[in-house]
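Chemist: I'd like to go over a predicted model; first the sequence, then the structure.
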Amino acid sequence: MRRLAAYLGVGAGLLVLGLVGAAPPAAAAPQDKVTICHADSSVEHPYVEETVDVDSIVLPDGTPTGHGLHTGPIFPEPDWGDIIPSFEYANSSGGTSIYPGLNATADGLAILDAGCDVIFEQPKEPPTTTVPPTSTPTTFSSTTTAPPAPGTTVPCETTAPSESTFPGESTVPGETTVPGETTTTPPTTAPPTTSTPPTT
């Protein structure tokens with residue numbers, strides 16, 4: 001026989017492996033035992049296939065017990081419960097009653113048909129791409145002065161050369177001295193005044 005693979009669940013892949021054509025037989029008479037998928041707390045193996053007595057699921061008076069109280073949803077929902085097919089059982093009045101099953105939906109029965117072998121596949125996240133930061137080129141601003149327009153007067157700055165003196169030098173205009181020499185400038189006298197006697 002070949003293996004069956006089916007994906008179940010919303011938002012996460014649920015791969016179910018099993019044998020094609022392996023369906024539970026139709027119950028023609030009350031059953032003493034039934035094969036179920038017992039919920040396990042492991043995410044890697046959320047169900048364990050077990051064949052149990054029917055009175056570990058429901059009592060003859062119809063009261064759920066044992067596995068019949070494992071009423072959580074189907075994996076991968078949190079706190080998942082057992083998967084139990086519907087079956088007929090002997091009731092307390094000597095007749096036959098039908099247990100409706102637990103999580104006996106299309107998905108649940110597919111897991112049961114696969115021998116309770118479920119592989120949980122985490123949803124694939126899209127790859128993240130890192131964009132390198134873009135560098136902003138450094139710009140240098142320069143100040144340019146336009147030439148003056150024709151006919152425009154441009155003020156000029158002139159700098160007078162600094163005057164320096166040596167020790168012993170005089171800075172009197174017109175006077176030159178040599179260091180170490182004493183120069184005496186004769187006093188300036190006005191030429192004698194010539195007076196013309198008055199004519200009589």
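Modeler: That came through fine.
Chemist: how near is the closest residue in space to Phe75 that isn't next to it in sequence to Pro78?
Modeler: Computed as C-beta to C-beta, 6 or more residues apart in numbering, the closest residue to Phe75 that is not its neighbour in sequence is Pro46, at 4.1 Å. C-beta here means a position set from N, CA and C on the backbone, and glycine is covered the same way. From Pro46 across to Pro78, the span is 11 Å (C-beta to C-beta, to the nearest Å).
Chemist: likewise Leu59?
Modeler: Distance of Leu59 to Pro78, computed by C-beta to C-beta: 29 Å.
Chemist: ditto for Ser93
Modeler: Between Ser93 and Pro78 the computed distance is 39 Å (C-beta to C-beta).
Chemist: quick one on the thing from earlier: Leu59 and Pro78: which is more packed in?
Modeler: Higher neighbour count among Leu59 and Pro78: Leu59, with 16 against 7, using other C-beta atoms under 10 Å.
Chemist: Ramachandran coordinates for that one?
Modeler: Here is the backbone geometry of Leu59 (degrees, to the nearest 10): phi -80, psi 160.
Chemist: what do you get for the one 10 residues further on?
Modeler: Per-residue torsions, Leu69: phi -100, psi 0 (degrees, to the nearest 10).
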